[in-house]
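J.: output the structure for:
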Amino acid sequence: MNQDKDTHQTVTSEARRKLIRGGMAAGPLLVTLTSRPVLATTCYSPSETLSGAVSHKGGEGPQCAGESPGVWRQKAEGNAQAKLEWPIPPETLFTAYFTGIAAFYNHDQNRYMTMLEVMQLQGNGDPYKLGFHVIGALLNIMTNRVDPLALTVSGLQAIWSEYVSTGGTYTPFAGATPWGGAEITAYLKSTGIAP
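T.: Numbering: from 1, shown residues only. Model prediction:
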């Protein structure tokens, strides 16, 4: 009688192991087939800021799942392997992508700052953390974390260019109230472009 009980437990245990192994092997496949980026946010272009909430109901609009600029900065400050996650070298000059302002000029070294140096600025060096978030947005766009329907590299450059050429404002669409640095940063953060 004890032997029958042992045989039944062995068969049951083996059946459970097979079920668990089979279930664990199939589980990730199902999740992969049906999942969307967990942290993705429905995002929109600056020109859609007035109508974005109305026209993209239920998450039907473009999805943005950008890394935070802080994560990008940590990768650049990390080991060589982490730096490779940047689509451009962290030592790239800020002016290679964004021109028209001397605020990111290193007077001590008589040269413009690199992307990483701009991301490391504190306080008055980067009020509103605009340079910080613009670089985060650039890196997210370049690594396909931002839907091109929401923002492209040239669109981001246009925002920056208008901001510096007007003395600190950007108008997202005709008739809109111009955005200052704080509003541009808020847009990049809230849309998942540079959270």
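
J.: my guess is residue 163 meets residue 184, correct?
T.: Yes: applying C-beta atoms under 8 Å, one finds residue 163 in contact with residue 184, separated by 6.6 Å. Any C-beta I mention is one placed from the backbone N, CA and C, and that applies to glycine too.

J.: got any residues that touch both of these two?
T.: Residues touching both residue 163 and residue 184 by C-beta atoms under 8 Å, 6 or more residues apart in numbering: 130, 170.

J.: now residue 64: phi and psi?
T.: Main-chain torsions, residue 64, degrees, to the nearest 10: phi -120, psi 130.

J.: ok, residue 40 to residue 191 distance?
T.: From residue 40 across to residue 191, the span is 11 Å (C-beta to C-beta, to the nearest Å).

J.: okay, now the unreliable bits of this protein?
T.: Within the chain, the ranges that satisfy pLDDT under 70 run 1-39, 50-60, 101-102.

J.: center of it - which residue?
T.: Nearest to the mean C-alpha position of the chain, by C-alpha atoms, centre = their mean, lies residue 66 at 1.6 Å.

J.: follow-up on the earlier one: mutual contacts of residue 40 and residue 191, please.
T.: Jointly contacting residue 40 and residue 191 under the rule C-beta under 8 Å, 6+ apart are residue 64.

J.: who has more neighbours out of the two?
T.: Under the criterion of other C-beta atoms under 10 Å, the comparison of residue 40 against residue 191 puts residue 191 first, with 26 against 16.

J.: skipping its backbone neighbours, what lies nearest the more buried one in space?
T.: Distances taken as C-beta to C-beta, 6 or more residues apart in numbering place residue 43 nearest to residue 191, at 3.8 Å, with adjacent residues excluded.

J.: likewise for residue 127?
T.: Sequence neighbours aside, residue 181 is the residue nearest to residue 127 in space, at 6.3 Å (criterion: C-beta to C-beta, 6+ apart).

J.: wait, doesn't the one you found sit right on residue 131?
T.: No: contact criterion C-beta under 8 Å: residue 181 and residue 131 do not qualify, at 9.3 Å.
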